[in-house]
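>>> I'd like to go over a predicted model; first the sequence, then the structure.
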Protein chains: 2
Amino acid sequence: MIEEQLKQAKLACRKMQNIDKYTKMDALDAISKALLENTDYILGENAKDIANARDNGISEAMIDRLLLTRQRIEAIAKDVEKVADLKDCIGETVRKIERPNGLIIKQVRIPIGVVATIYESRPNVTVDIASICIKTNNVCVLKGGREAIHSNIALVNVINMAIRDILPTNVVTLIENTDRSVVFEVITANQYVDVVVPRGGAGLIQHVVNNATVPVIETGAGICHLYVDKEADLQMALKIAVNAKISRPSVCNAIETILVHQDIANPFLTKLRSEFAKIKIYGDEEALRYVDGQKADNQNYATEYDDYICNIKVVKNIDEAIEHIYNYSTKHSESIITENNNTAKYFMESLDSACVYHNASTRFTDGGEFGFGAEVGISTQKLHARGPIGLQEMTSTKYIIYGKGQIR
Amino acid sequence: MIEEQLKQAKLACRKMQNIDKYTKMDALDAISKALLENTDYILGENAKDIANARDNGISEAMIDRLLLTRQRIEAIAKDVEKVADLKDCIGETVRKIERPNGLIIKQVRIPIGVVATIYESRPNVTVDIASICIKTNNVCVLKGGREAIHSNIALVNVINMAIRDILPTNVVTLIENTDRSVVFEVITANQYVDVVVPRGGAGLIQHVVNNATVPVIETGAGICHLYVDKEADLQMALKIAVNAKISRPSVCNAIETILVHQDIANPFLTKLRSEFAKIKIYGDEEALRYVDGQKADNQNYATEYDDYICNIKVVKNIDEAIEHIYNYSTKHSESIITENNNTAKYFMESLDSACVYHNASTRFTDGGEFGFGAEVGISTQKLHARGPIGLQEMTSTKYIIYGKGQIR
């Protein structure tokens, strides 16, 4: 049954790859409209998921992630319009090479093929991924979580009704079977699936990475750092620390640890104290001279809290900060606050995280904030996609070579 | 023991990433010179591998792959010089984005980190991979085959002596333990290894793909096709068929199957008959009217012979040819021979293989032939690298973001 769905998805690739950009825009416009027109139906189905979640004693924070409202559906529909309006990159020539023997070699952008996404809770992911895949001529197979199954079925029904007369069939497929075992079947189906993108908690991502034989784009784990240098503008550092930790602690681009140069530990942490009053702090001995908290151990530095909790460590110099980041970072986002451009350059060149900032909040690591218009997730791996995964990252290339009878 | 080697390799990454382009060129020049100066030592060690191979009754074809000669070492040394002279892509800005909030986002090219290669027989691979990794500031871990162990130890000794005073230690590491179990240890060492590239037979590649948790760049499997259209220049088609099948059948860019349009089957195959006299042919019923051979079955079409064997099938039209290629191709290289540019365009747009040719031999799918100067292999997967893997494909990127205190 699952195999048949995957097989049909693979077959749809060949039809989908030749769909032109205007047809894709029409399809996305139709989806956006259909979401608005079918809001009541979607909300009704979402209510079933919410009721089940309450019956199962799910936390309010998780229920909020699951919840759809009229306003949220409007926002989702608007995001689909945004994707429709993005520059189309399929077919563009990435590289052109002319060889001495007269061969002309063009590297052109093509879809990847079947993109499988394994994700949890938030139903807007269903629409995000579907619209990004349509825009890039990919076919998507969606495997959402059990907790959102009614919402996901409703959303995919609306999407498929909307594109029925515009795109080939089976371009958007939802796997309705929510057993965990299905995940294994999808991530080992090399014959049908070209890439798998896991979106969710560390457990889900680890399961996919450890068991997939299909290539994986890892997303999300974010142990991000803020380093406040001795030459920092302390007012700016404070504002960025508050933004990076407190504005939305549950997301992957929020920081978990602040590293503070010893020369400014006293004035900076004294200022920070009141702003971080509601934050639970784990600090080293030096930091705890200025802020209240518990003693931090290595386990603290290695934890993605996603919560109102923060590690604070005082360092002797920038090299100790860099060393700490190498030891504990998930290579997502790190920021240095300093007025010294050479110090910033040294920090940014020494680290190899996906995003390194000078005098800005790590919260900007996001497809929207980068101007990509939409994102599939944030890649923390080094192959294929790095940082926010936008349209371009959802493509592959092929070489087209024009000859006149050349042989080797 | 293996873990300690991998750990040291990972530590070397941080030192290696800051090495400038002139130092890398010096290191490569030193390697090239050292190979020439130590030719006798290398040949002596290679002779041990050859003697062992003969004792073990290895085929002459395999022994030829293993054999080093004075001339071959000169060629290898020259290839290292070529890599030294290639354009350096590390540090280059791939993309620059200026955001309305004043953030400046630069995507810059960086090394991948630790590149592990699992490969078989040909000892020149050892030097190729090491020099490409040095040129791209990567660190390499080499796991060659048992049959070439003396040659590989000698080559890595020469390399490491040459770069001892130029590059950090542990930039080039050979794993001398040739047990198969070591492979598993390397391809699951996510903490230390950033990418693994298997080079060798289908069995090796399948083993790596199925068991690796480290990201893999698949290489090599090549079931390539030549389609001779009804509007082909038959003289050109014949010349290309001979080149693509017979010039070097053991390599992955050689063809395994020729698809012939029914309208020109008689004149084309009649011409081909004498040129392919020494080739064992599996054909469909129609093809066997013109050439001698056995009846082909699906298994034949799905086999990479790497030998003087060829499938020939007569097709009703281009769509049947495309359908056949979709069913049996490993998505390496395909070529159409036709004087009709629209037919060529249709063929090239319909297929999504790494390389699609019009009026040229598939044998050009090669890093050298593409002007990349060197290659790690030919990627047939869709993620990260496609087609010949040159320097650029051995890099990742990071985003460097310049702010003035921006928060979100």
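Sure thing, it's come through.
>>> Closest residue of the stretch 151-300 of chain A to chain B?
Ranked by Cβ to the nearest Cβ, the top residue of the stretch 151-300 of chain A for proximity to chain B is residue A:243, at 3.7 Å. Every residue, glycine included, has its C-beta placed from N, CA and C.
>>> tell me which parts of the stretch 301-408 of chain A are close to chain B?
Taking Cβ under 8 Å from any Cβ of the partner chain as the criterion, the stretch 301-408 of chain A approaches chain B at residues A:326, A:348-350, A:352-361, A:363-365, A:369-371, A:381-384, A:386-387, A:396-408.
>>> Please enumerate residues in contact with the helix or strand of chain A with the lowest mean pLDDT?
Between all helices and strands in chain A, the lowest mean by mean pLDDT, DSSP states H and E belongs to helix A:60-66, at a mean of 86. By Cβ atoms under 8 Å, 6 or more residues apart in numbering or on different chains, the residues outside helix A:60-66 that reach it are A:46, A:49-50, A:53-54, A:58, A:121-123, A:147-148, A:151, A:250.
>>> Could you spell out which stretches of chain A belong to which domain?
A:2-219+A:376-402, A:224-364 (automatic domain parsing).
>>> list the buried ones in the least confident helix or strand of chain A?
With burial defined by 16 or more other Cβ atoms under 10 Å in any protein chain shown, the residues of helix A:60-66 counted as buried are A:65, A:66.
>>> Past it, which element shows up next along the chain?
helix A:70-85 (DSSP states H and E).
>>> can you give me the helices for chain A?
A:2-16, A:21-37, A:39-55, A:60-66, A:70-85, A:124-135, A:149-163, A:180-187, A:202-211, A:234-246, A:265-275, A:298-301, A:318-328, A:341-350 (DSSP state H).
>>> which one of the ones you listed is the most hemmed in?
helix A:124-135 (a mean of 25; mean count of other Cβ atoms under 10 Å in any protein chain shown).
>>> got the contact list for the closest residue to chain B within the stretch 251-400 of chain A?
The stretch 251-400 of chain A approaches chain B most closely through residue A:360 (2.7 Å), counting by Cβ to the nearest Cβ. For residue A:360, the contacting residues are A:240, A:335, B:103, B:401, B:402, B:403, B:404, B:405, B:406, B:407, by Cβ under 8 Å, 6+ apart.
>>> Which strand residues bridge the fourth one?
I take that to be residue B:401. When assigned by DSSP bridges, residue B:401 has beta-bridge partners residue A:357, residue B:105.
>>> doesn't residue A:357 make contact with it?
Yes. Using Cβ atoms under 8 Å, residue B:401 is in contact with residue A:357, at 4.7 Å.
>>> shared neighbours of those two, anything?
In terms of Cβ under 8 Å, 6+ apart, residue B:401 and residue A:357 are both contacted by the residues residue A:364.
>>> Mind checking which of the contacts of residue A:360 are in strands?
A:335, B:401, B:402, B:403, B:404, B:405, B:406 (DSSP state E).
>>> and the first one, what is it in contact with?
Contact criterion Cβ under 8 Å, 6+ apart gives A:224-227, A:240, A:244, A:255, A:356-362 as the residues in contact with residue A:335.
>>> For the residues you listed, could you give me JSON lines that also reports pLDDT?
Below are the contacts of residue A:335 laid out as JSON lines (pLDDT from 0 to 100):
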{"residue": "A:224", "pLDDT": "98"}
{"residue": "A:225", "pLDDT": "98"}
{"residue": "A:226", "pLDDT": "98"}
{"residue": "A:227", "pLDDT": "98"}
{"residue": "A:240", "pLDDT": "98"}
{"residue": "A:244", "pLDDT": "98"}
{"residue": "A:255", "pLDDT": "97"}
{"residue": "A:356", "pLDDT": "98"}
{"residue": "A:357", "pLDDT": "98"}
{"residue": "A:358", "pLDDT": "98"}
{"residue": "A:359", "pLDDT": "98"}
{"residue": "A:360", "pLDDT": "98"}
{"residue": "A:361", "pLDDT": "98"}
{"residue": "A:362", "pLDDT": "98"}
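>>> Closest one of those to residue A:321?
Nearest to residue A:321 among the contacts of residue A:335 is residue A:227, at 4.5 Å by Cβ to Cβ.
>>> on that earlier part again, by neighbours, which of the ones in strands among the contacts of residue A:360 wins?
Greatest neighbour count in those, by other Cβ atoms under 10 Å in any protein chain shown, goes to residue A:335: 31 neighbours.
>>> and the closest residue in space to residue A:261 that isn't next to it in sequence, what pLDDT?
Excluding the flanking residues, the one nearest residue A:261 by Cβ to Cβ, 6 or more residues apart in numbering or on different chains is residue A:230, at 4.1 Å. Here the pLDDT value assigned to residue A:230 is 98.
>>> I figured residue A:230 was touching residue A:264, is that so?
Yes. With contacts counted by Cβ under 8 Å, residue A:230 reaches residue A:264, the gap being 5.4 Å.
>>> contacting residues for the residue in the stretch 1-150 of chain A that chain B sits nearest to?
Closest contact between the stretch 1-150 of chain A and chain B, by Cβ to the nearest Cβ, is at residue A:112 (5.1 Å). Shown in contact with residue A:112 (Cβ under 8 Å, 6+ apart): A:136, A:138, A:194, A:195, A:394, A:395, A:396, B:382, B:383.
>>> cool, residue A:399 as well?
Contacts of residue A:399 were listed using Cβ under 8 Å, 6+ apart, and they are A:105, A:106, A:107, A:108, B:354, B:355, B:356, B:365, B:370, B:386, B:387.
>>> residue contacts, residue A:249?
Applying Cβ under 8 Å, 6+ apart, the residues near residue A:249 are A:305, A:306, A:307, A:308, A:309.
>>> now, the most widely separated pair of those?
Maximum pairwise distance in the contacts of residue A:249, criterion Cβ to Cβ, is 9.7 Å, between A:306 and A:308.
>>> More neighbours: which of those two?
Shown here are residue A:306 and residue A:308; by other Cβ under 10 Å, residue A:306 has more neighbours (17 against 13).
>>> what's that one sitting at in phi/psi?
Per-residue torsions, residue A:306: phi 50, psi 40 (degrees, to the nearest 10).
>>> Nearest residue to it in space, please, no chain neighbours.
Per Cβ to Cβ, 6+ apart, closest to residue A:306 is residue A:250, 4.9 Å.
>>> okay but that neighbour is in contact with residue A:308, surely?
No. In this structure, residue A:250 is not within contact of residue A:308 by Cβ under 8 Å, at 9.7 Å.
>>> can you count the residues close to the closest residue to residue A:287 other than its chain neighbours?
Closest residue to residue A:287 apart from its sequence neighbours, by Cβ to Cβ, 6+ apart: residue A:312 at 4.2 Å. For residue A:312, the neighbour count with other Cβ under 10 Å is 28.
>>> residues contacting residue A:190?
A:213, A:214, B:209.
>>> Among these, pick out the one closest to residue A:176, please.
Among those, and counting by Cβ to Cβ, the member closest to residue A:176 is residue A:214, at 20.5 Å.
>>> wait, isn't that closest one in contact with residue A:115?
No. The criterion here is Cβ under 8 Å, and residue A:214 misses it with residue A:115 at 10.3 Å.
>>> Can you pull the residues that touch both of those two?
A:194, A:195, A:196.
>>> Just the ones in strands from these, please.
A:195, A:196.
>>> ok, and the most crowded of the shared contacts of residue A:214 and residue A:115?
Busiest of the shared contacts of residue A:214 and residue A:115 [other Cβ under 10 Å] is residue A:196, holding 25 neighbours.
>>> which residue packs closest to it, ignoring adjacent ones?
That would be residue A:116: by Cβ to Cβ, 6+ apart, it lies 4.5 Å from residue A:196.
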